[in-house]
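>>> here is my input, please return the structure:
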Amino acid sequence: MDRYITVPLSDEDARSLHSGDYVYVTGTIYTARDAAHKRMQEALDRGEALPLELKNNVIYYMGPSPAREGRPIGSAGPTTASRMDKYAPALLDLGLKGMIGKGKRSQAVKDAIIRNGAVYFAAVGGAGALLSKSILSSEVIAYDDLGTEAIRKLEVKNFPVIVVIDAEGNNLYETATAAYCKE
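Just a heads-up that it's a prediction; the model follows:
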């Protein structure tokens, strides 16, 4: 089913999405990869505030290439989500409502998704140039010294993703594999 959603993601919208839905995201999302997640965890461990509000927001696991002239960003493909698995449950518990990446997630992340009524989306790996066309603006908001791994605020329009794990814990990677094996 094709769905069009606006982010930040409301609880109702997150819970209405189902594993396998094709979703077009419009609004504000944030980027963060391994190094940024590590810094956010260190900040939390010290009792400090994070550089972005997590409640109902979506983090895209992406490090862009440099922008070409006239474009807000270069290639913007997803990175492997499992590298953020040790950090994701704590961020979900703090209100993060969605994550965009590629690949499987751990059971701890799946449990946190269910517990918080969140969602894990996949973006198509290898399609970074195409995905960048849905990004209207890009602004570094934290950890500038990390270069491409800095936290960025992106404005997106109809950014294409697929729901992999929905708020009920249904996992497209598992159901699609099971359906394929039956044939």
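
>>> and residue 31, what are its bridge partners?
Listed by DSSP bridges, the beta-bridge partners for residue 31 are residue 60, residue 152.

>>> how close does it get to residue 3?
Separation of residue 31 from residue 3 (Cβ to Cβ, to the nearest Å): 22 Å. Where C-beta positions appear, they are placed from N, C-alpha and C, glycine not excepted.

>>> so which of those two has more stuff around it?
For the pair residue 31 and residue 3, the greater number of neighbours falls to residue 31 (26 against 15), based on other Cβ atoms under 10 Å.

>>> so who does the more buried one touch?
Contact analysis of residue 31 by Cβ atoms under 8 Å, 6 or more residues apart in numbering lists 59-64, 151-152, 154.

>>> residue 37 touches residue 84, doesn't it?
Yes - counting by Cβ atoms under 8 Å, residue 84 is a contact partner of residue 37 at 5.2 Å.

>>> can you give me the helices in this structure?
Secondary structure of the chain, counting by DSSP state H: helices at 11-16, 34-45, 88-93, 107-116, 128-132, 172-182.

>>> closest to residue 160 out of the ones you listed?
With Cβ to Cβ as the criterion, residue 160 lies closest to helix 128-132 of the helices of the chain, at 7.3 Å.

>>> quick one: mean pLDDT over the closest one.
The pLDDT scores in helix 128-132 average 91.

>>> next: stretch 86-101.
Mean pLDDT, stretch 86-101: 98.

>>> list the buried residues for that stretch?
Buried residues in stretch 86-101, counting neighbours by 16 or more other Cβ atoms under 10 Å, are found at 87-92, 96-101.

>>> cool, and stretch 59-72?
59-64, 72.

>>> and if you look at stretch 20-34?
Buried positions in stretch 20-34, judged by neighbour count with 16+ other Cβ under 10 Å: 21, 23, 25-34.

>>> neighbours of residue 150, just the number please.
Residue 150: 20 neighbours (other Cβ under 10 Å).

>>> wait, residue 14
When neighbours are counted by other Cβ under 10 Å, residue 14 registers 22.

>>> pLDDT value on it, please?
For residue 14, the pLDDT comes out at 97.

>>> list the contacts of it.
Contact partners of residue 14, counting by Cβ under 8 Å, 6+ apart, are 97-98, 117-119, 167.

>>> which ones among those map onto strands?
Those of those mapping onto strands are 98, 119, per DSSP state E.

>>> can you list the low-confidence ranges for this structure?
Counting by pLDDT under 70, the chain contains low-confidence residues at 176-183.

>>> okay, the helices of the chain in a markdown table with distance to residue 55 next?
Formatted as a markdown table, the helices of the chain follow (distance: least, Cβ to Cβ, whole Å):
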| stretch | distance to residue 55 |
| --- | --- |
| helix 11-16 | 10 |
| helix 34-45 | 14 |
| helix 88-93 | 11 |
| helix 107-116 | 11 |
| helix 128-132 | 25 |
| helix 172-182 | 26 |
